[in-house]
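Novice: Model the structure of this input:
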Amino acid sequence: MKIYLLDLGSLVIDRSDVLWHIDVGTAVRFPVYGVYVDHPEGKFIFDTGYDLDHVNKVLPFELPEQTPEQTIPAQLAKIGVRPEEINYVINSHFHFDHVGGNRFLTNATLLTSKLELRSSLVPEPFERLGYSDLSFYTRGMKVEYLEGDVELAKGLSLFQTAGHTIGHLSMLAEPEGRRPMIFAGDAAYTYETLDRMIIGGFHLDPIDSISALKRIKAVAKQHDAEIFPSHEMEPWLKWKHAPEFYGA
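Specialist: Sure thing, here's the model as predicted:
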């Protein structure tokens, strides 16, 4: 199993959306990335970034920076993979900055929970901007519904971390030759989120969001895993990016 981190650009939000009520009015630029897993049992992608045209039209205040090389097709091309070769796509949740590249994965089966899909299609008023890009879902596409924690393949599993959204998922990968890796999604924006146990400012349920942080830490302890937060620039710049990879 090989794990590739796909560079999909960056956005800007207020620091109070990273740490709830902290440093209101302080702008923070954060990375957006996806995870491609090349596994003997299939080709998987976890999160696909944002669509630049959509963000410029609907959320221009997030100041998107995305070059043509920072898209799903271009990032996969670095590895020698075509988008239509992907077997499965999993989104930690269906917010616009995690689903924008799904449309390129024309042969992939979407793995999701019914709760998350329903919430994205019929969002609460305060969630409408988050769920504003629905290009990831079309009638007739291949969808498999998940319930609870799920083993996708040997050494690759999803576990529930609801709170940021109703059906949020995090991923545990156990590649050979290195520590297991937890991709937290937006359940943990940054390491400071985990250290201070302060949830993000955009969430569905603050109590569940705290429980999700506790669960990520517990799974990390159980598996001696390294945690990869979703949106922190400094560590992102130090991690390996495609075409480099983790595992063997």
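
Novice: From now on I want contacts and neighbour counts done on CA atoms only, so please keep to that.
Specialist: Will do.

Novice: How far off centre is stretch 157-172?
Specialist: Taking C-alpha atoms, centre = their mean, to the nearest Å, one finds stretch 157-172 lying 10 Å from the centre of the chain it belongs to.

Novice: go on, stretch 50-64?
Specialist: Taking C-alpha atoms, centre = their mean, one finds stretch 50-64 lying 17 Å from the centre of the chain it belongs to.

Novice: residues making contact with that stretch?
Specialist: Residues outside stretch 50-64 that contact it (C-alpha atoms under 8 Å, 6 or more residues apart in numbering) are 8-13, 32, 66, 96-101, 129, 132-133.

Novice: Show me those that map onto helices.
Specialist: 96-99 (DSSP state H).

Novice: for stretch 230-240, which positions count as buried?
Specialist: 230-233, 236 (16 or more other C-alpha atoms under 10 Å).

Novice: between those, which is nearest residue 185?
Specialist: Of all the buried residues of stretch 230-240, the one with the least separation from residue 185 (C-alpha to C-alpha) is residue 230, at 4.9 Å.

Novice: after the helix ranked longest in the chain comes which helix or strand?
Specialist: Across the chain, the longest stretch assigned as helix under DSSP H is helix 206-223. Per DSSP states H and E, the first helix or strand lying C-terminal to helix 206-223 is strand 226-228.

Novice: Averaged pLDDT, that following strand. What do you get?
Specialist: For strand 226-228, mean pLDDT is 98.

Novice: any chance you could map the helices in the protein?
Specialist: Under DSSP H, the chain gives helices at 15-18, 52-58, 72-77, 96-99, 114-121, 191-196, 206-223, 233-238.

Novice: deepest of those helices, which one?
Specialist: Neighbour counts (mean count of other C-alpha atoms under 10 Å) averaged over each of the helices of the chain peak at helix 96-99, with a mean of 26.

Novice: In contact with residue 42: list those residues for me.
Specialist: 86-88.

Novice: picking that back up, would you mind checking the contacts of stretch 50-64 for buried ones?
Specialist: By neighbour count, with 16+ other C-alpha under 10 Å, those hold 8-13, 32, 66, 96-101, 132-133 as buried.

Novice: Quick check, pLDDT for the nearest residue in space to residue 141 that is not next to it in sequence.
Specialist: Leaving out its chain neighbours, the residue that sits closest to residue 141 by C-alpha to C-alpha, 6 or more residues apart in numbering is residue 109, at 7.6 Å. The per-residue pLDDT reported for residue 109 equals 98.

Novice: Over to residue 161?
Specialist: So, for residue 161, pLDDT stands at 98.
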